[in-house]
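Q: Need a 3D model of the sequence below.
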Amino acid sequence: MSAPRSSEIRLDTAEAAALAADAVECLQPKAASPYLLIAEHAGNTVPAPWRDLGLAAPYLATHFAVDLGIDALTRRLSQRLRAPAVVARYSRLFLDYNRPVEEWDHMRPDLGGIPVPGNLDVSEHDRKLRRQVGWAPLEKAIANGVPGRKALVSIHSFTPVMAGVRRNVDIGILWREPSPFVSAILETIQGKGHAAGLKIGDNEPYDWRQAVGYTLNRHGLQRDLPCFYLEVRNDLLTEPDRLEQVSRILQDSLSEVAKTLWPDHVVAI
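A: Purely as a prediction, here's the structure:
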């Protein structure tokens with residue numbers, strides 16, 4: 001399937017509205033949890049007018065296109081914590097919400113050297129359409145979910161091997177600004193993870209202090225809300241038993257910290 005030319009994509013008002021409505025799913029929006037969970041890379045769909053950006057289907061099942069296992073993990077945590085969650089449905093290849101507009105991988109042109117035909121020469125017209133149907137609905141859903149929350153958690157997965165180097169971390173807690181919440185989360189997940197034989201990274205495998213994360217910069221730090229990026233090694237999420245183990249550690253840790261920091265805000269689990 002070849003990618004359409006950027007300048008050829010045209011949407012009428014109804015088509016654009018329908019695509020925007022499909023861009024995001026909000027789970028338990030009225031739940032009283034202190035947390036808002038965000039999964040910007042949970043989906044791998046490319047809206048139909050963009051014809052999969054000219055990529056063969058198998059490429060859309062890779063970590064380049066989607067954070068593998070994160071849809072299932074986010075749904076479990078939302079249900080068990082009774083916490084609202086904002087889940088993006090469109091692939092980060094179509095538009096990566098967590099990257100600033102000026103970053104090259106906001107609409108990345110390659111998959112580690114394999115071209116993404118639909119992203120090689122994106123017109124300004126095309127960029128505006130993608131932001132209208134992919135970025136704006138997610139921005140609105142997150143902004144609507146923030147009021148009344150005490151902390152934000154952005155949920156991601158990472159590959160076990162990167163550039164030929166095996167990453168010696170199972171779960172990573174990425175933070176930029178220290179806070180009692182971040183300290184408590186890190187200590188609690190490290191304790192429970194260690195007991196389960198898992199290594200918990202402190203700003204590993206990525207260091208948020210050395211990178212840009214649009215989502216939590218925009219909706220967390222700029223609002224003085226404590227927040228962190230959660231990174232889980234994606235092969236831990238492909239087997240039901242390991243997914244359950246990771247889910248339980250994260251659920252118990254988030255619940256324990258919430259009960260300690262905000263006892264009047266927590267719904268019993």
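Q: ok, the closest residue to residue 64 other than its chain neighbours to residue 2 distance?
A: Nearest non-adjacent residue to residue 64, counting by CB to CB, 6 or more residues apart in numbering: residue 111, 4.4 Å away. Yep, even glycine has a C-beta here, placed from its N, CA and C like the rest. Per CB to CB, to the nearest Å, residue 111 is found 17 Å from residue 2.
Q: And the two? Which one has more around it.
A: residue 111 (16 against 9; other CB atoms under 10 Å).
Q: circling back: now do the phi/psi pair for the residue nearest to residue 64.
A: phi -110, psi 80 (degrees, to the nearest 10).
Q: ditto for the one 4 residues further on
A: For residue 115, the backbone dihedrals are phi -60, psi 150 (criterion: degrees, to the nearest 10).
Q: Repeat that for residue 30.
A: phi -100, psi 10.
Q: Just give me the neighbour total for it.
A: 6.
Q: just the strands in the stretch 1-150 of the chain please.
A: 24-27, 35-39, 85-88, 110-111, 114-115 (DSSP state E, counting those that start in this stretch).
Q: and the angle from the biggest helix by length in the chain to strand 35-39?
A: Taking DSSP state H as the criterion, the chain has its longest helix at helix 240-261. Inter-element angle recorded for helix 240-261 and strand 35-39: 150 degrees (by axes from the mean of the first three to the mean of the last three CA atoms, to 10 degrees).
Q: So which bits of helix 240-261 are buried?
A: Using 16 or more other CB atoms under 10 Å as the test for burial, helix 240-261 gives 242-243, 245-247, 249-258, 261.
Q: With stretch 164-174 instead?
A: 167, 169, 170, 171, 172, 173, 174.
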